[in-house]
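K.L.:
I would like the atomic coordinates for the input below:
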Amino acid sequence: MTPFGAKMRELRNARGLTQAQMASALGVSPPYLSALERGQRGRPSWRLVQGVISCLGVIWDDAEEIETLAGLSHPRITIDTSGLSPLATELTNRLSQKVSNLDDATLKKMLNVLESAVPG
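P.N.:
Model (predicted):
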């Protein structure tokens with residue numbers, strides 16, 4: 001599941017909407033919406049993100065959070081380390097090999113280290 005998919009599911013459930021109801025409101029198929037929630041589709045388009053925000057009645061900071069999460073929710077990424085140090089290449093390769101074995105607590109620690117090392 002992607003960060004966007006998890007947030008969308010959380011908000012949809014909190015508002016008592018089924019996937020079929022939300023899919024209809026967005027003009028997409030229920031299987032597509034389900035796949036998007038589960039992280040089996042690529043990053044959602046800007047237009048779809050805006051539709052989700054509108055459909056869920058989300059405003060201000062919550063809308064900004066959804067937009068940010070959508071940008072961070074491509075389930076299949078490629079990292080080009082050509083021209084970077086060998087350590088950058090090693091880090092990305094090791095992460096790709098081991099990320100599926102890391103628990104949420106470890107992932108949060110790693111995200112905190114990354115954010116504190118490179119703010120913004």
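
K.L.:
Can you verify my assumption that Thr2 contacts Ile77?
P.N.:
No: using Cβ atoms under 8 Å, Thr2 makes no contact with Ile77, being 11.0 Å away. Using the backbone N, CA and C atoms, a C-beta is placed for each residue, glycine as well.

K.L.:
Between these two, point out the one with more neighbours.
P.N.:
Thr2 (22 against 8; other Cβ atoms under 10 Å).

K.L.:
For the closest residue to that one other than its chain neighbours, which three-state class applies?
P.N.:
Once flanking residues are discounted, Thr2 sits nearest to Ser73: 3.6 Å by Cβ to Cβ, 6 or more residues apart in numbering. Of the three states, Ser73 takes coil under DSSP: H, G, I helix; E, B strand; the rest coil.

K.L.:
Count the residues that sit near Arg47.
P.N.:
If we define neighbours as other Cβ under 10 Å, then Arg47 has 10 of them.
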